[in-house]
Structures are given as C-alpha cells and as structure tokens.
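Peer 1: what follows is a predicted structure for the sequence shown.
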Amino acid sequence: MDADRFWAAPGISAGIAQEGCTVLAPDRLRRPPGWDAEVEHLVPALPGHPCTVVAGSNGCSTAVRLALAFPDRIAKLLLAWPATAKDPAVDSRVHAGLTGLAAPEQNIRALLDGQTLRGVLDTQLATLTMPISVLPSVPENPFHQRQTVDRLRRLLPESEELPGCPEPPHPDFGPHLARFLASVTTVLGG
C-alpha cells in the first residue's frame, strides 16, 4: 500500500490541502526490517516546526514511534484505523504474507512485536503528552478491531475519539470522506 493509493486517490490529501494545510504524504518503506527503519525513513520528511501527523492502519505504529523519538517535532497525532496487534489469527495471516515475500523471520518478529500497537510497548504509549485523536474503523474488521481503539483510549485517557468510518482504499470509504475531512480539519485547527 503506497501513500497515493491510501491518501491521494480517495481524496484525503486534496481535501486537507483545500483547507490551507500543507500535506506531506511520503510512502512508507516497502520492506522495512523493523519500526526504527520506518522512523528513520520518515524523519527527513518532517518540517522544521512542530506538525500534526495523521497516520492510518500500521502507519499508526510508525507515527507513535516518530512521536516518541521526536516529541518536540510532533504537535498532535491523529491515529486513524489503528492496526490491531497481538491477535493470533491476524498475526498468522500477516506472518504468512511476509514469509511469502521472503522477509527474514527476524524482521517479521520485529514488525509483529508490540502490545496495543505493533512496534510499541504500552508503557511507551502512556508517555505521550501531545494531543492525540483516535479514529476507529467502522465497521470494525479483523485488522482494525474496536478493542484496539478502546485500549488506546485507556492508555491515553486525554485522547479524543473521532467518528469512525471504513479505512481507505476500501470502496465504502467514499461516502465518509467529507466527515473524515471535517474530523481532520477539527484536529488540525483545534
């Protein structure tokens, strides 16, 4: 999944830009050896001032790791459709997919490791102090379960839950674009 397919094609990047915001939507690494490599890849894309990071699915793990490593550069986080960690059925499917791509077992374990979010310990999550918004997948699905949002909200009691919707590029996302953009705009301006 690249940034164009996830953020641009569904109209998210253009919709945020129409609100006068600068949108940077870099692609994630195609085959990262671990979460630290994801963070290192994204650091050069950060502007020279504190910014809001909007992340989706597994990108939520990268965004949290980025905020942990550079808290002075991340003003706010919006964690949309956070990917569920530690679900045996989901982890098995992801493991099989990564194995099929010839990923080394050590890398697969590193990418699946974590607690509420992959690649992050709950004790690390609880140290975040910037404003955080969480947007659930509605309806939930095996990869984006409601329990993940509930666990994040317990770990981050000051966080705000936004109205949920299907994640892009799911075909059902389109009718929810305007409401999703309104939520993002509120987070950016609030």
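Peer 2: It's in. Numbering: from 1, shown residues only.

Peer 1: give me the neighbour count for Q106.
Peer 2: 10 (other C-beta atoms under 10 Å). Bear in mind the C-beta positions are built from the backbone N, C-alpha and C, glycine included.

Peer 1: any idea how far it is from S61?
Peer 2: Q106 is 18 Å from S61, where distance means C-beta to C-beta, to the nearest Å.

Peer 1: likewise for A182?
Peer 2: In terms of C-beta to C-beta, A182 sits 26 Å off from S61.

Peer 1: higher neighbour count, the two?
Peer 2: Neighbour count, other C-beta under 10 Å: between A182 and S61, S61 has more, with 24 against 14.

Peer 1: any idea how far stretch 30-41 is from the chain center?
Peer 2: 14 Å (C-alpha atoms, centre = their mean, to the nearest Å).

Peer 1: secondary structure class for the most centrally placed residue in the chain?
Peer 2: Taking C-alpha atoms, centre = their mean, the centroid of the chain lies closest to C60, which sits 2.2 Å from it. The three-state assignment at C60 reads helix, by DSSP: H, G, I helix; E, B strand; the rest coil.

Peer 1: pretty sure it is touching L78, no?
Peer 2: No - C60 is beyond contact range of L78, at 9.2 Å (criterion: C-beta atoms under 8 Å).

Peer 1: got the CA positions of stretch 147-166 in CSV?
Peer 2: Below are the C-alpha coordinates for stretch 147-166, written out as CSV (Å, rounded to 0.1, in the frame of the first residue of the first chain):
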residue,chain,number,x,y,z
GLN,A,147,-10.6,-3.3,21.1
THR,A,148,-7.5,-1.5,19.8
VAL,A,149,-9.2,1.9,20.0
ASP,A,150,-10.6,1.1,23.4
ARG,A,151,-7.1,0.0,24.7
LEU,A,152,-5.5,3.2,23.2
ARG,A,153,-8.1,5.3,24.9
ARG,A,154,-7.4,3.7,28.3
LEU,A,155,-3.6,4.1,27.8
LEU,A,156,-4.1,7.7,26.6
PRO,A,157,-7.0,9.0,28.8
GLU,A,158,-6.7,12.6,27.5
SER,A,159,-7.2,11.3,23.9
GLU,A,160,-10.2,12.1,21.9
GLU,A,161,-12.2,9.6,19.9
LEU,A,162,-13.4,10.8,16.5
PRO,A,163,-16.4,9.5,14.5
GLY,A,164,-15.3,6.3,12.8
CYS,A,165,-15.6,5.1,9.2
PRO,A,166,-14.1,2.5,6.9
